[in-house]
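Colleague: Structure here, sequence nowhere to be found:
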């Protein structure tokens, strides 16, 4: 009986640890890994937190209308290891960046952190 409860406890603990791994998405689920684009615009919001940093930018489209883009970076630890801080890109900065574009024409971009150009 003791062995049964020990096995049941082991299975329970193992299943708890698998949740976060299943919940994380693959890059290819949200981004077209075959298509790289470059956008330029003004940062209107910075979300500096795990699991991924997000920058929200206003970008002018071909008609001159402003569109809101969601820029997703690597995780916080990876960005900090690369020398980024929460002040590297700030609200109000005009920037040009490149990365994988969102699937299905969504206005999102997976940031190539080496592509950052601060224009202002």
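Modeller: In hand now; what should we look at? Being a predicted model, the structure only gives us computed values, none of them experimental.
Colleague: If you rank every helix and strand of the protein by mean pLDDT, what lands last?
Modeller: Of all regular secondary-structure elements in the chain, judged by mean pLDDT, DSSP states H and E, the least confident is helix 19-23 with a mean of 43.
Colleague: Can you name the residues that contact the residue nearest the centre of the chain?
Modeller: Residue closest to the mean C-alpha point of the chain, counted by C-alpha atoms, centre = their mean, is residue 72 at 2.6 Å. If a contact means C-beta atoms under 8 Å, 6 or more residues apart in numbering, then residue 72 has 30, 52-54, 108-111 as its contacts. (C-beta placed from N, C-alpha, C; glycine too.)
Colleague: Please report how far the nearest residue to residue 66 once chain neighbours are set aside lies from residue 104.
Modeller: Closest residue to residue 66 in three dimensions, ignoring its sequence neighbours and counting by C-beta to C-beta, 6 or more residues apart in numbering: residue 58, at 4.8 Å. When distances are taken as C-beta to C-beta, to the nearest Å, residue 58 and residue 104 turn out to be 21 Å apart.
Colleague: Looking at those two, which one has more neighbours?
Modeller: Each of residue 58 and residue 104 had its neighbours counted (other C-beta atoms under 10 Å), and the higher figure belongs to residue 58 (14 against 7).
Colleague: Sticking with that one, tell me its helix or strand.
Modeller: Taking DSSP states H and E as the definition, one finds residue 58 inside strand 54-60.
Colleague: and that strand, which strands flank it?
Modeller: Strand 54-60 has the following sheet partners, assigned by DSSP bridges: strand 31-47 (antiparallel), strand 66-72 (antiparallel).
Colleague: Save these as TSV, and put in distance to residue 100 and mean pLDDT too.
Modeller: Listed next are those as TSV, based on distance: least, C-beta to C-beta, whole Å; pLDDT from 0 to 100:
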stretch	distance to residue 100	mean pLDDT
strand 31-47	4	96
strand 66-72	10	97
